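Trainee: need a 3D model of the sequence below.
(one chain, ligands or ions: 5)
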Amino acid sequence: MSVSQFLNEKAEKTERALRDQFATWRGVPEVLHEAMAYSLFAGGKRLRPALVLGACEIIRDDDAPALPAACAIEMIHTYSLIHDDLPCMDDDDLRRGRPTLHKVHGDAIAVLAGDGLLTMAFDVVAQTGNLAVVRELAQAAGVTGMVGGQVLDMQSENRQLTLDELRRVHACKTGALIRVAARMGAILGGASQTQLEALTAYGEAIGLAFQIADDILDVVGDEANLGKRTGADDARNKSTYPALLGLDGARQRAKDTIDCAIDALAAFGEEANALRDLARFVVERNA
Ligand code: IPE
Ligand code: IPE
Ligand code: MG
Ligand code: MG
Ligand code: MG
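Mentor: Residues are numbered from 1 along each chain as shown. Ligands and ions are numbered 1, 2, ... in the order given. Coordinates of the predicted model:
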């Protein structure tokens with residue numbers, strides 16, 4: 001199976017389950033429902049759900065137990081994008097090929113749609129019945145993970161970070177959710193401690209490489225493919241890998257990081273090929 005087939009299959013499964021979740025919520029104000037759906041069902045690569053489902057599948061050859069976690073992480077990721085685009089943060093007007101949510105519904109509804117997705121994500125992940133997984137997700141999404149990372153990212157504007165500092169920003173703002181995607185899948189699949197550690201190392205490396213690639217695409221990517229504006233980091237004077245290492249240096253760093261991700265899967269056999277291909281996709285993608 002090609003990586004795009006793998007991603008499509010996992011995306012379709014996740015989207016169906018997300019629509020089923022939406023259908024169970026009664027009495028949601030219409031504009032809020034519409035706003036959440038606008039951002040959530042706008043495409044998106046669905047990389048994090050694919051990681052959740054893929055990690056579960058290599059452990060137990062069945063991804064079904066991880067489906068609520070796959071939905072929850074995409075809800076949290078989408079909320080993070082809605083808030084990231086707000087005028088008080090990155091102030092972007094294009095996302096997933098559409099005008100950003102606040103451009104369509106205004107800042108207040110965009111904030112609340114993000115709040116709604118974040119909160120309901122915990123209703124959804126709780127359906128796994130696995131308290132450890134719920135806590136892992138909270139820690140990765142919250143102040144010790146993505147939210148903390150977004151603060152560090154904002155504080156890095158107009159400053160030159162060291163490479164170590166920048167790695168920490170990336171590990172928090174983007175890496176934490178990607179790492180936990182692999183971990184939740186592994187835990188819900190019933191991984192042994194050794195398997196969990198391997199998938200954690202894999203997720204961590206993918207997470208860092210993913211944000212390096214995002215930074216590179218902000219410089220050389222195509223807006224039509226990406227569905228978001230390029231040149232945004234430079235305009236806001238952000239600390240990024242290309243700014244610190246140059247484009248070639250950043251590309252090399254991304255490749256080396258992906259090699260680490262693939263090495264982490266050494267103890268697995270053919271069942272991990274989809275995750276190996278996914279790792280390569282993370283740095284070879286143009287969207
Ligand atoms: C963009 O994430 C924001 C980052 C964390 C770099 P994605 O590139 O996964 O965005 P979608 O989900 O495909 O739109
Ligand atoms: C965002 O990083 C990370 C999030 C937690 C949303 P960026 O600000 O670089 O993401 P894009 O480029 O806007 O998608
Ligand atoms: Mg940002
Ligand atoms: Mg942004
Ligand atoms: Mg970016």
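Trainee: residue boundaries of the helices in the stretch 1-150 of the chain?
Mentor: Taking DSSP state H, counting those that start in this stretch to define them, one finds helices in the stretch 1-150 of the chain at 3-24, 30-40, 47-60, 67-84, 101-105, 107-125, 131-141, 146-155.
Trainee: what about the longest helix belonging to the chain, average pLDDT?
Mentor: When the chain is parsed with DSSP state H, its longest helix is helix 193-220. On average, the pLDDT along helix 193-220 is 98.
Trainee: distance from the helix or strand following that helix to the middle of the chain?
Mentor: Next along the chain after helix 193-220, taking DSSP states H and E as the criterion, comes helix 223-226. The chain centre lies 18 Å from the centre of helix 223-226; the measure is Cα atoms, centre = their mean, to the nearest Å.
Trainee: next, the buried residues of helix 223-226.
Mentor: residue 226 (16 or more other Cβ atoms under 10 Å). Glycine gets a C-beta too; all of them are placed from N, C-alpha and C.
Trainee: could you name the helices and strands sitting against that helix?
Mentor: Helices and strands touching helix 223-226, as assessed by 3 or more Cβ pairs under 8 Å, 6 or more residues apart in numbering; DSSP states H and E, are absent.
Trainee: and the helix or strand bottoming out on mean pLDDT in the chain, how far from the chain's centre?
Mentor: Every helix and strand of the chain was ranked by mean pLDDT, DSSP states H and E. The lowest is helix 232-235, at a mean of 94. Taking Cα atoms, centre = their mean, one finds the center of helix 232-235 at 21 Å from the center of the full chain.
Trainee: also stretch 50-70?
Mentor: Using Cα atoms, centre = their mean, the offset of stretch 50-70 from its chain centre is 16 Å.
Trainee: what comes into contact with that stretch?
Mentor: Residues from elsewhere that reach stretch 50-70 (Cβ atoms under 8 Å, 6 or more residues apart in numbering): 6-7, 10-11, 13-14, 17, 48-49, 73, 124-128, 133, 137, 178, 181-186, 188-191, 195, 199, 203, 206, 268, 271-272, 274-275, 278.
Trainee: distance between the ends of that stretch?
Mentor: Using Cα to Cα, to the nearest Å, one end of stretch 50-70 lies 7 Å from the other.
Trainee: close to ligand 2, is whatever helix or strand residue 243 lives in?
Mentor: Assigned by DSSP H and E, residue 243 falls within helix 241-264. No - using Cβ under 6 Å from any ligand atom, helix 241-264 stays clear of ligand 2, coming no nearer than 11.2 Å.
Trainee: okay, the angle between that helix and helix 193-220?
Mentor: Relative orientation of helix 241-264 versus helix 193-220 (axes from the mean of the first three to the mean of the last three Cα atoms, to 10 degrees): 150 degrees.
Trainee: what's the following helix or strand after helix 241-264?
Mentor: helix 273-284.
Trainee: about what we covered before: output the contacting helices and strands for the longest helix of the chain.
Mentor: Applying 3+ Cβ pairs under 8 Å, 6+ apart, one finds that helix 193-220 contacts helix 47-60, helix 163-170, helix 176-189, helix 232-235, helix 241-264, helix 273-284.
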